[in-house]
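# Using only what follows, build the 3D model:
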Amino acid sequence: MPRRVRRDALRTLRTEHPPTAFLTVNGLTTIGVLRTLEHAGLEIARDKAVIDFDNSELSTLLHLRLTVMHQPVGELGRRPAELLLEQLRQEDTAKPKHEVLGLELIVWESCGCE
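Okay, here's the model as predicted:
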């Protein structure tokens, strides 16, 4: 996957109107984008912002502190299971539920914010 990520990031950088920021969805994608930007001679934060939506342990291994969208991973697994069990207990009387779990933006160096 990192090879494809690097290829796609480079293609994106070469467009007529390249983005000012990259929002990545997992640690491997983030690493691929960071490597591509660095190999292109761009400075993370100053030239291009990078925000990771995964907040994985991989981000702790990087040379800069990565801006991340923190997801409540435990709740993402626990809450659907609770809702399913609740529906099974109620059988025919259960009504569909829609819940939104919160995200937290943790701003660090990679976004270029002060």
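# Wasn't residue 37 part of a strand?
No - with DSSP: H, G, I helix; E, B strand; the rest coil as the criterion, residue 37 is helix rather than part of a strand.
# Contact partners for it?
Contacts here follow C-beta atoms under 8 Å, 6 or more residues apart in numbering; on that basis residue 37 touches 9, 13, 22, 44, 47, 48, 50. The way it works is simple: take the backbone N, C-alpha and C, and place the C-beta from them, glycine included.
# Apply 7 Å and report the result again.
Neighbour list for residue 37: 44, 48 [criterion: C-beta atoms under 7 Å, 6 or more residues apart in numbering].
# any idea how far it is from residue 9?
7 Å (C-beta to C-beta, to the nearest Å).
# which stretches of this structure form strands?
For the chain, strands defined by DSSP state E occupy the ranges 21-24, 49-52, 67-70, 104-106.
# Name every strand pairing with the last one and say which way it goes.
The strands beside strand 104-106 in its sheet (DSSP bridges) come out as strand 67-70 (antiparallel).
# on that earlier part again, most tightly surrounded among the strands of the chain?
Per-stretch averages of neighbours, counted by mean count of other C-beta atoms under 10 Å, single out strand 49-52 among the strands of the chain, with a mean of 22.
# for that one, packing partners?
Packing partners of strand 49-52 (3 or more C-beta pairs under 7 Å, 6 or more residues apart in numbering; DSSP states H and E): strand 21-24, helix 27-39, strand 67-70.
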